[in-house]
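Participant: predicted model and sequence follow; I will ask about them next.
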Amino acid sequence: MTAGTSIPESLWPYALAIWGRPGVEPLMLELQDAHGQCPPYLLWSLWLAASGRAAGDDALSAGAALARAWCEVAVEPLRALRRSLKAGPAPTHRQRLRAGVQSLELEAERLLLQMLEEASPTAAGAASPRAVLRAAVAAWGDDAPAALLDRLAELAA
């Protein structure tokens, strides 16, 4: 957020604001598809840093575990179904069904953000978005290029 702009108390408006910034969506999708990252979890970690909440290893590990569990049962099956509906017979009906699945996928991600927010630590002081993102990726367990994380931190600032 820019200087003088307040951080939303709620994670969902913050996530929408960050996602809507130029360059964030393609960067997040690259982190997701090429590096195994979870965009809602990364948005949550940025929100922790921006809102001055404790983003220590324990909190990030607990958030990663929660996000992984929810992604396995809700987000990833919906994403796989949506992607499988990209091509095939009956284009009009398929696209209509795909749009409905996409709405469910977005709702599953919104619910994940809500669960992460509810499990968030309390305020603890300022933290560097870059440092929190790197720690979040380490807690997630997959690797992501530092340059991409640095760019995401810049876009979110």
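Facilitator: Structure received.
Participant: pLDDT at the most centrally placed residue in the chain, what is it?
Facilitator: Nearest to the mean C-alpha position of the chain, by Cα atoms, centre = their mean, lies P40 at 1.8 Å. According to the prediction, P40 has pLDDT 98.
Participant: same for the helix or strand containing it, what does it pack against?
Facilitator: In the assignment (DSSP states H and E), P40 maps to helix 39-50. Other elements packing on helix 39-50 under the criterion 3 or more Cβ pairs under 8 Å, 6 or more residues apart in numbering; DSSP states H and E are helix 11-19, helix 24-35, helix 57-70, helix 91-118, helix 129-140, helix 146-156. In this view, the C-beta of every residue, glycine as well, is placed from N, C-alpha and C.
Participant: reformat those helices as a markdown table; add distance to W47.
Facilitator: Shown next, in a markdown table, are these (distance: least, Cβ to Cβ, whole Å):
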| stretch | distance to W47 |
| --- | --- |
| helix 11-19 | 5 |
| helix 24-35 | 13 |
| helix 57-70 | 11 |
| helix 91-118 | 8 |
| helix 129-140 | 10 |
| helix 146-156 | 9 |
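Participant: low-confidence ranges in this protein?
Facilitator: In the predicted model of the chain, residues 1-8 satisfy pLDDT under 70.
Participant: OK, contacts around E109?
Facilitator: P39, P40, V75 (Cβ atoms under 8 Å, 6 or more residues apart in numbering).
Participant: understood, closing this out.
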